[in-house]
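**Q** can't give you the sequence, but here's the structure:
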């Protein structure tokens with residue numbers, strides 16, 4: 001669903017595939033991810049392919065927690 005919204009926003013000119021994720025989420029740039037683009041995120045090539053293995057359903061439902069986890073993640 002999120003990727004469909006992203007594509008619509010690109011089509012409308014609100015986003016661009018080559019914009020950096022840190023331009024809308026500054027914290028995501030930690031650990032060398034500052035050059036990751038929306039294109040990388042949509043193609044699953046941002047270096048953050050999955051949440052940590054010990055992530056629970058409760059963790060996944062906690063927006064703030066997951067934002068912190070993904071921002072703090074080191075690229076694989």
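**A** Arrived safely. Quick caveat, the model's predicted, so the values are computed rather than measured. Numbers count the residues shown, from 1 in each chain.
**Q** what about stretch 41-52, distance to the chain center?
**A** Mean-position distance between stretch 41-52 and its chain equals 7 Å (C-alpha atoms, centre = their mean, to the nearest Å).
**Q** before we move on, what about stretch 54-70?
**A** The chain centre lies 13 Å from the centre of stretch 54-70; the measure is C-alpha atoms, centre = their mean.
**Q** now do it, average pLDDT.
**A** Throughout stretch 54-70, pLDDT has a mean value of 96.
**Q** ok, residue 24 - contacts?
**A** Shown in contact with residue 24 (C-beta atoms under 8 Å, 6 or more residues apart in numbering): no residues. The way it works is simple: take the backbone N, C-alpha and C, and place the C-beta from them, glycine included.
**Q** go again using 10 Å as the cut-off
**A** 15, 38 (C-beta atoms under 10 Å, 6 or more residues apart in numbering).
**Q** and the gap between it and residue 56?
**A** Residue 24 is 27 Å from residue 56, where distance means C-beta to C-beta, to the nearest Å.
**Q** please enumerate the strands of the protein.
**A** Ranges of strands in the chain, per DSSP state E: none exist.
**Q** for the closest residue to residue 51 other than its chain neighbours, grab the count of nearby residues.
**A** In space, and not counting its chain neighbours, residue 51 is closest to residue 69: 6.3 Å by C-beta to C-beta, 6 or more residues apart in numbering. Burial measure for residue 69: 16 neighbouring residues, criterion other C-beta atoms under 10 Å.
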